[in-house]
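Novice: How does the following fold in three dimensions:
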Amino acid sequence: MSTETNAMMKRVLSCCLFVLCLGAFAPAYGGELSRYDETVVLHSDGSAAVRLSLVLAGQAEPTIRIPVRQAALLNLQARGIAPDAVRQVENKGNYFVALDFSASGTPPAELEISFRVKNYFAGGGPSAPFGNRELGYRFVNVTFARIEMFSAELVLPGGFVFNAVSSFSPKARKSGTAFPYAFSRKDGQDIVRIAADDVKLGDEIALACTFKSTKKSKLLLLALIVLAVAYLVFFRDLLKSGGDAAGTKA
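Specialist: Numbering: from 1, shown residues only. Next up, the predicted model:
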């Protein structure tokens with residue numbers, strides 16, 4: 001048997017072992033979800049209220065871990081679940097909301113988790129040129145074997161608007177395919193939503209965008225006033241010079 005054939009057989013065997021291991025370990029991390037919906041309602045001070053709605057697909061394990069980005073979650077709770085069965089855990093720099101059903105039995109088919117984040121974005125910090133501020137969202141599926149339907153919404157506080165999306169994933173698989181994100185407005189608040197189907201273990205959903213305040217900067221208004229006054233003075237002097245020249249000719 002040639003060296004190339006041996007190398008090919010080793011690669012095939014490695015891939016098969018990886019798939020088998022992935023299938024064996026994935027259910028222990030929470031099985032599959034029919035839906036994962038996340039809503040992030042931002043406040044002008046930079047904090048945010050986050051709500052997660054999950055619909056389980058079939059029988060789930062006694063412990064469910066949901067990946068989150070933030071290290072400190074405030075007022076963490078799950079509807080209908082005892083407080084001592086809901087906690088945040090950390091593993092090698094990754095953070096999770098852990099739901100423990102080992103004492104209570106089978107978890108409900110639908111779960112709703114909520115918490116607050118103190119500094120979701122730098123609401124009081126310096127803004128970029130033209131008053132733009134950066135805002136990002138990122139979810140990496142490191143715990144569920146599969147998520148059938150995924151969606152996440154970022155809701156800006158009143159007085160702010162989205163103005164650009166700099167990057168996003170997943171990318172369109174075919175040219176001409178619609179973007180996975182969409183903008184809307186409800187009750188005077190701008191909303192951006194990103195959605196994906198068939199999210200597998202290891203897949204990433206991410207969105208990077210910019211937003212800004214609809215209020216005009218006081219410095220900008222002052223500069224405009226100064227320019228307006230300067231223009232009026234210049235225009236008045238120009239008219240006066242023109243009148244004096246006409247009088248001299250007469």
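Novice: and residue 70, helix, strand or coil?
Specialist: Using DSSP: H, G, I helix; E, B strand; the rest coil, the secondary structure recorded for residue 70 is coil.
Novice: Need phi/psi at it.
Specialist: Main-chain dihedrals, residue 70, degrees, to the nearest 10: phi -90, psi 150.
Novice: same thing with the one 5 residues further on?
Specialist: Dihedral pair for residue 75: phi 50, psi 40, per degrees, to the nearest 10.
Novice: With adjacent residues omitted, what lies nearest to it?
Specialist: Nearest non-adjacent residue to residue 75, counting by C-beta to C-beta, 6 or more residues apart in numbering: residue 116, 5.2 Å away. Quick note: C-beta positions are derived from backbone N, CA and C, even for glycine.
Novice: Could you tell me how far residue 52 is located from residue 188?
Specialist: 25 Å (C-beta to C-beta, to the nearest Å).
Novice: the more surrounded of these two?
Specialist: Set residue 52 next to residue 188 and count neighbours by other C-beta atoms under 10 Å: residue 52 wins out with 19 against 9.
Novice: list the buried ones in the strand or helix carrying the more buried one?
Specialist: Using DSSP states H and E, residue 52 sits within strand 48-57. Neighbour-count burial for strand 48-57 flags 48-50, 52-57 (criterion: 16 or more other C-beta atoms under 10 Å).
Novice: cool, stretch 132-147 as well?
Specialist: 133, 135, 137, 139, 141, 143-147.
Novice: in this protein, which spans are helices?
Specialist: In the chain, the helices defined using DSSP state H lie at 3-25, 218-249.
Novice: if you average pLDDT over each of those, which comes out lowest?
Specialist: Ranked on mean pLDDT, the bottom entry among those is helix 3-25, at a mean of 43.
Novice: just to revisit the earlier point, which residues does the residue nearest to residue 75 bridge with?
Specialist: residue 49, residue 74 (DSSP bridges).
Novice: residues contacting it?
Specialist: Applying C-beta atoms under 8 Å, 6 or more residues apart in numbering, we find residue 116 in contact with 47-50, 73-75.
Novice: Now tabulate those in JSON lines and tack on pLDDT.
Specialist: Shown next, in JSON lines, are those (pLDDT from 0 to 100):
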{"residue": "47", "pLDDT": "91"}
{"residue": "48", "pLDDT": "94"}
{"residue": "49", "pLDDT": "96"}
{"residue": "50", "pLDDT": "97"}
{"residue": "73", "pLDDT": "95"}
{"residue": "74", "pLDDT": "95"}
{"residue": "75", "pLDDT": "96"}
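Novice: Without its sequence neighbours, what residue ends up closest to residue 73?
Specialist: residue 115 (4.2 Å).
Novice: Around the one you found, how many other residues sit close by?
Specialist: Neighbours of residue 115 under the rule other C-beta under 10 Å: 21.
Novice: Where is pLDDT lowest across the buried residues of stretch 132-147?
Specialist: In terms of pLDDT, the lowest of the buried residues of stretch 132-147 is residue 133, showing 86.
Novice: shaky segments in the protein?
Specialist: Scanning the chain for pLDDT under 70 picks out 1-30, 122-130, 173-177, 216-250.
Novice: domain parsing for it?
Specialist: 17-213, 216-250 (automatic domain parsing).
Novice: Report the beta-bridge partner residues of residue 155.
Specialist: Here residue 155 sits in beta bridges with residue 41, residue 191, going by DSSP bridges.
Novice: unless I'm mixing things up, it is touching residue 189, no?
Specialist: Yes. With contact defined as C-beta atoms under 8 Å, residue 155 counts as touching residue 189 (5.5 Å).
Novice: who has more neighbours, the two?
Specialist: Taking neighbours as other C-beta under 10 Å, residue 155 and residue 189 compare with residue 155 leading, 19 against 16.
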